[in-house]
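Trainee: pasting the sequence and the predicted coordinates here, then a few questions.
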Number of protein chains: 2
Amino acid sequence: MHPSESRSQHFHFKILKETGSGRLGELATPHGIIQTPAFIFCATKAAIKGLLPQQIQDANTQIILANTYHLMLQPGADTVKRLGGLQKMTGWNGPMLTDSGGFQIFSLGHGGVANEIKGTQNSARPKTLLNIFEDGATFKSYIDGSVHHLTPEKSIEVQVKLGADLIVVLDECTPFHVDKSYTQRSMEMSHRWALRSLAAFDALHASERQRLYGIIQGGIYPDLRKISAEFVNEQDFFGHAVGGCLGASKEQMDDVVSLTLSLLAKDRPVHLLGIGGIRDIFHGVPQGIDTFDCVHPTRLARHGGALVPTFVRAALGTAKDKEHINLKNSQFQHDDSPIDPSCGCQTCSSLSRGYIHHLIKAKELSALQALTVHNMYTMNRVLEDIRAGINQNNFEKARDYWVST
Amino acid sequence: MHPSESRSQHFHFKILKETGSGRLGELATPHGIIQTPAFIFCATKAAIKGLLPQQIQDANTQIILANTYHLMLQPGADTVKRLGGLQKMTGWNGPMLTDSGGFQIFSLGHGGVANEIKGTQNSARPKTLLNIFEDGATFKSYIDGSVHHLTPEKSIEVQVKLGADLIVVLDECTPFHVDKSYTQRSMEMSHRWALRSLAAFDALHASERQRLYGIIQGGIYPDLRKISAEFVNEQDFFGHAVGGCLGASKEQMDDVVSLTLSLLAKDRPVHLLGIGGIRDIFHGVPQGIDTFDCVHPTRLARHGGALVPTFVRAALGTAKDKEHINLKNSQFQHDDSPIDPSCGCQTCSSLSRGYIHHLIKAKELSALQALTVHNMYTMNRVLEDIRAGINQNNFEKARDYWVST
């Protein structure tokens, strides 16, 4: 057997159990096996902000992602390759995913469209997207304003150099306000881009150590979602990512996700892009989502927020729509309890809410580190509880532990 | 036996070996035993910037210090006490020292006098020291400009609440430019402050869980140093700290330190305040210094600097007067070696120079964390090598490994 063939054996996706509350799976990569449903943490520039690899492992993390957009600009794909590829370079050495670079180009480019794609509010940001051609997209670097052109082929080429286990095709991310006709034309172009991505992936023999995800487009339009799902089902993708606009409300998002999932091939892992609230995950899993990613747990930490179970929030009088407590709050000044008495993370094992409150007030970097460790460990615990809930047929118990009703 | 007596048994200082290259000692505290010579790392606001307690332990750290000045202003001594005292609050749970608060009041107060006290250059800073009375010093808070008054008694009271194992008397830190007559008057006042500190320490029964250090004053004047040494030798201090101006040059510092050490009681541990270059430590140890403290290793890390042995600097063409390499430097962009191939720290075990260079360029917080872990581990290694060098009578070998000649 050729070594590359033996290597490609390292990839598989096995469904272990299917229930009305979601499915249990095993996603194997050459860098390790991921038990699904799983959460993918964002190491945007090839680093989880403020953590070292040992801490990421100690928090029971299964897989992290890095952003092609940021890394192609700094330090550049060739540099990452010279430093051994993402897994070795970061010292993480576990499973990794890279996105296509598209989301950042289009979301930074349209100015605050990240929120619009997710259906939330708009915000003011510099418009760095210069043009979208059939060939690809032209944009200005967020670092120095230099002009770059990203094509489907270029995105694959960069992602092959970066070397993540799971990689994603380039698509156009449309903002919420576009109409059905724009959505359809964009979807059709994204499908053509997907075919070009598959061809580039094959031409680079990337399957020797990577697997490619396709993206389902179609916005909020059921007939377009159907066309897009049929398209990706027919292509030789390892997995599918739910992309495009998911609607303006949580309800609409649920509908779009639910419809999309019903149309997708059942034997491939399904990733929901950029969704990471605990409530959202408990909604997504029963619909068949296998993996989630979001900056939420790590970004929240940098703003003083700690994810905690229902009973902790209830005891502290936190509003029911919140999934976290904020350690900046003066109510924690003299509180010598850990953030979450039921948590086994390094932060909760040794530090009190009062001390973390002090660190935030004193602008000490250790605060964000302590909270990032906690939120990462907690998000992994949520997914562990979800998997146990599916396995033991008590998914609702897990949901009640984490989500207020 | 009364429990407090049993507790106080936890303190001792034993000299294990004395040589011309320095002495080996064992300094026991209720929170652990320190092998001397030892380095004390600065956790100014009760945190080593960017690290969590587990990482401080993993870097083989023996003892850390926190600053009374910062903590009395934020979060306040009572809050620290309510959160269990410094050792418990920080999650470090190992030996700790607090300074008196004097150095910051006088150094921030005079405007850049920290450098002047150390004999280096001046710099511009707001003058927050309002007045020095026989009673104590009045100063403005660096946080909100509120006015505070620190007396010898208040400093002890605050340090007792903070709860560090080793605490220090309040003294006036004179800048370099003052003349002999000012130095003498200041020394005499500091001696009176020392007696008041001892009385306050006794009145609070602090010896049940803490030990007090006296400070030797006298600036660069041998006759004053003699008076001050005789004074502290006669008082019931557990240890001595070399304070006051040490001169304008490295040579003068060596002379002042050497003279001072020759005058001090030999059975007490001697601490050299605020000196932490590797070369300085190799100078201080043979003169009889047992402990050192300085922000240098951790601050250097935050500026991209990594302490490395002679052979690493030589291989990279670093200037001979440098004790570190700077990972910001573009020469490291594609360098996949660890910072120091002879180092066993977590950073060198998993991350390359090239990756750390990328993290610095991308302004990722993990860079300062990676470098802080490395510099802390390295400084502990330097002191370990020094102790081994004294023990095995090959101190020069250890020096050559770390200091270029």
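Mentor: On my side now, so go ahead. Numbers count the residues shown, from 1 in each chain, chains lettered A, B, ... in the order given.

Trainee: would you map the strands across the stretch 151-300 of chain A?
Mentor: Assigned by DSSP state E, counting those that start in this stretch, the strands in the stretch 151-300 of chain A fall at A:166-168, A:211-216, A:239-242, A:270-272, A:291-294.

Trainee: which elements pack onto the fourth one?
Mentor: Other helices and strands packing on strand A:270-272, by 3 or more CB pairs under 8 Å, 6 or more residues apart in numbering or on different chains; DSSP states H and E, are strand A:239-242, strand A:291-294. (Each C-beta comes from the backbone N, C-alpha and C, glycine too.)

Trainee: in its sheet, what does the last one sit against?
Mentor: I take that to be strand A:291-294. strand A:38-42 (parallel), strand A:270-272 (parallel) (DSSP bridges).

Trainee: run the chain-centre distance for the last one.
Mentor: The chain centre lies 9 Å from the centre of strand A:270-272; the measure is CA atoms, centre = their mean, to the nearest Å.

Trainee: flag the shaky bits of chain A, pLDDT-wise.
Mentor: Scanning chain A with the threshold set as pLDDT under 70 gives A:1-9, A:109-126.

Trainee: which of the strands of the stretch 151-300 of chain A sits closest to A:Val147?
Mentor: Among the strands of the stretch 151-300 of chain A, the nearest to A:Val147 by CB to CB is strand A:166-168 (23.6 Å).

Trainee: ok, back up a step: mind checking which of the helices and strands packed on strand A:270-272 is nearest A:Gln35?
Mentor: strand A:291-294 (10.6 Å).

Trainee: residues near the closest residue to chain B within the stretch 151-300 of chain A, how many?
Mentor: Closest contact between the stretch 151-300 of chain A and chain B, by CB to the nearest CB, is at A:Thr298 (11.2 Å). By the measure other CB atoms under 10 Å in any protein chain shown, the count of residues near A:Thr298 is 23.

Trainee: I'd say it and A:Val373 touch.
Mentor: No - taking contacts as CB atoms under 8 Å, A:Thr298 lies outside contact range of A:Val373: 10.1 Å.

Trainee: run through the residues that contact whatever residue of the stretch 251-400 of chain A ends up closest to chain B.
Mentor: Chain B sits closest to A:Ser350 of the stretch 251-400 of chain A, with a gap of 3.3 Å, by CB to the nearest CB. Residues near A:Ser350 by CB atoms under 8 Å, 6 or more residues apart in numbering or on different chains: B:Leu52, B:Pro53, B:Gln54, B:Gly91, B:Asn93.

Trainee: which of the residues you listed fall within helices?
Mentor: When DSSP state H defines the helices, the subset of the contacts of A:Ser350 inside them is B:Pro53, B:Gln54.

Trainee: so the residue sitting furthest away from the middle of chain A versus B:Pro37, what's the distance?
Mentor: Centroid-distance maximum for chain A: A:His334 at 36.0 Å, with CA atoms, centre = their mean. Separation of A:His334 from B:Pro37 (CB to CB, to the nearest Å): 39 Å.

Trainee: residue nearest the centroid of chain A?
Mentor: A:Asp293 (1.8 Å).

Trainee: surely that one is in contact with A:Gly284?
Mentor: No - applying CB under 8 Å as the test, A:Asp293 and A:Gly284 come out as separate, 11.6 Å apart.

Trainee: which residue packs closest to A:Lys17, ignoring adjacent ones?
Mentor: Nearest non-adjacent residue to A:Lys17, counting by CB to CB, 6 or more residues apart in numbering or on different chains: A:Leu24, 4.3 Å away.

Trainee: wasn't the one you found part of a strand?
Mentor: Yes - counting by DSSP: H, G, I helix; E, B strand; the rest coil, A:Leu24 falls inside a strand.

Trainee: wait, what's in contact with it?
Mentor: Applying CB under 8 Å, 6+ apart, we find A:Leu24 in contact with A:Ile15, A:Leu16, A:Lys17, A:Glu18, A:Gln35, A:Thr36, A:Pro37, A:Arg387, A:Ile390, A:Asn391.

Trainee: can you give the domain ranges for chain A?
Mentor: As assigned by automatic domain parsing, chain A contains the domains A:3-294, A:301-388.

Trainee: tabulate the ones you listed in TSV, adding columns for distance to B:Met379.
Mentor: Below are the domains of chain A laid out as TSV (distance: least, CB to CB, whole Å):
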stretch	distance to B:Met379
domain A:3-294	18
domain A:301-388	19
